[in-house]
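>>> Predicted model follows, preceded by the sequence.
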Amino acid sequence: MNFEEFKLNPNLLKAIRDLGYEQATPIQEKCIPLVLEGKDLIGQSLTGSGKTAAFGLPILNNTIEGLKRQALILTPTRELAQQIKEHLDAMAKYTKIRTVCVFGGVGYEWQIKGIKESEIIVATPGRLLDHIKQGTMKLSNIRVVVIDEADRMLDMGFEKDVDRILQMTTKKRQTIMFSATMPEAAKKMATRYLKNPEYVKDKLYVDVNKLNQIFYSVLREKKFSLLVHLLKNKKGTAIVFCRTKREVDKVTKNLRKQGLDVMGIHGDISQNKRTLAVEMFKKGKLDALIATDVAARGLDIKNVSRVYNYNVPKDPDDYTHRIGRTARAGAIGEAITLVSEKERKEFNTLIKRTKIKQEPTPEFEQIILIKEQKNQKQKFGKRKKPFEQNHYSENIDYVNKQFGETEKYSNNPQKFKRDKKSRTKFFKDRNFKNKSKKFGRKKFKNKKRRFF
């Protein structure tokens, strides 16, 4: 179906042509007319299916230029929020509609300015609630709310935050929910906040003809060595998925020691480093991107040659999300899973649902991993008091300097003890002054910044 058949704003159609979009994807073909009509919608589709344009184009088409804060798009991660903003900006470049991205890990000032000037807000729940508490954001004008990646948002514990946000908006709003899977919690949320929603489901399976899915059985201690062998011998960009943040850091550090250009992304890495890693990977400057499931969720990266599952995912849905990063837009891709003996039971559930074939493990040189340095435990014990006899001479010199005294106590410990009370009072006063300098003695009034 051609985009011109949707009767969109000519400025939007011009931007779509510049982006190279000719025919609407199945999810776009089903969703755009419903969103244009103002109906509530539940869309079930994978990343890369074109869902951003499926809700973005009709929202841009219905947005009134100059009327601030009309649409709110909630996302679970910062990367997804930035990605949606980039897509909306590209589609709205011939209009005067502005979009602001609101997420944590960065300063407030430029976000406050953007909120005041923008028609569309793309935000993560936590930072949005911070702005609401400060009085820098109000939801009274919001006419459309989009909950993107609803299943992952619930997995990350944002359910209560989303509930609070939706309760602050008008009941006459249009609500759109997109989710790759539809767990029970997502269904309950849809029941609470969507009014007679239309249900649109895109195909959630991967084209077997385009994607080659294989796995290798390998001992746990040799898994990293096999990964290095595969990365060095198979050309093309790759994403390596790990289960935990600690595993991402460990694999990233050791791959760099083997001469590979890699960067890792997970929730504890700063926003600037995560953004830099994704941008470098998109430009082809990295051999591989190491990521957790949560950090990579929603990332739309083109031309990924293969996906490596360094750890077997917890459930089949996560596996589907991982392998969906490759074999896009008709391209050929490969998904490789490294299975240890302990992961075999979990992996058997994946084999039942998907067509994964086992390949003979290639010969490779075993590499010794760099051992992690464990943080030494702090030794707790009785603190030395500043005026004990066994180290009184050190304190005497300091006290004499402060009081300008010439008398030395080094030959008279008893006199030092007699003056202990007065000296202790001096040290307490000194510590109080140091703390007041560090934290400031100014009393801050709990005033909210208000702009509206």
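Perfect, I can see it now. Computed from a predicted model, the values in this text were never measured in an experiment.

>>> and the residue nearest to the spatial centre of the chain, how far is that from Cys31?
Nearest to the geometric centre of the chain sits Thr77, at 3.6 Å (C-alpha atoms, centre = their mean). As for Thr77, its distance to Cys31 is 22 Å (criterion: C-beta to C-beta, to the nearest Å). C-beta: built from backbone N, CA, C; applies to glycine.

>>> Give me the nearest residue to Leu19, chain neighbours excluded.
Leaving out its chain neighbours, the residue that sits closest to Leu19 by C-beta to C-beta, 6 or more residues apart in numbering is Ala90, at 6.0 Å.

>>> which stretches of the chain form strands?
With DSSP state E, the ranges of strands along the chain come out as 41-44, 71-74, 99-102, 120-123, 144-147, 174-179, 198-201, 211-217, 238-241, 262-265, 288-291, 306-309, 333-339, 357-358.

>>> per-domain residue ranges of this protein.
Using the TED database, the domain parsing of the chain gives 3-201, 211-358.

>>> Please tabulate those domains in TSV and include mean pLDDT and distance to Glu365 as additional columns.
Output for these, formatted as TSV (pLDDT from 0 to 100; distance: least, C-beta to C-beta, whole Å):
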stretch	mean pLDDT	distance to Glu365
domain 3-201	92	35
domain 211-358	88	7
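
>>> what about these, which gets the closest to Phe364?
domain 211-358 (3.7 Å; C-beta to C-beta).

>>> Quick one: distance of that closest one to the chain centre.
Remark: domain 211-358 is offset 17 Å from the chain centroid, using C-alpha atoms, centre = their mean, to the nearest Å.

>>> can you give me the end-to-end distance of that domain?
Length of domain 211-358, first residue to last, C-alpha to C-alpha, to the nearest Å: 15 Å.

>>> so what pLDDT did Asp419 get?
pLDDT for Asp419: 59.

>>> coming back round to it: for the domains of the chain, give me a markdown table that also has distance to Ile367.
Listed next are these as a markdown table, based on distance: least, C-beta to C-beta, whole Å:
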| stretch | distance to Ile367 |
| --- | --- |
| domain 3-201 | 31 |
| domain 211-358 | 5 |
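
>>> picking up where we left off before, for Leu166, see how far away the residue nearest to the centre of the chain is.
19 Å.

>>> Could you do Ser140 as well?
Taking C-beta to C-beta, one finds Ser140 at 14 Å from Leu166.

>>> higher neighbour count, the two?
Of the pair Ser140 and Leu166, Leu166 is the one with more neighbours under other C-beta atoms under 10 Å, namely 20 against 9.

>>> Now the more buried one. Nearest residue, chain neighbours left out?
Tyr193 (5.2 Å).

>>> For the one you found, the count of nearby residues, please.
Around Tyr193 there are 20 residues (other C-beta under 10 Å).

>>> do Ile269 as well
Considering only other C-beta under 10 Å, Ile269 is surrounded by 20 other residues.

>>> Could you do Leu72 as well?
For Leu72, the count of nearby residues is 24 (other C-beta under 10 Å).

>>> same deal with Ile290?
Neighbours of Ile290 (other C-beta under 10 Å): 28.

>>> can you tell me how far it sits from Tyr193?
36 Å.

>>> Let me know whether the residue nearest to Leu19 touches Ala15 as I believe.
Yes. Between Ala90 and Ala15 there is a contact under C-beta atoms under 8 Å: 6.6 Å.

>>> more neighbours, these two?
Shown here are Ala90 and Ala15; by other C-beta under 10 Å, Ala15 has more neighbours (21 against 14).
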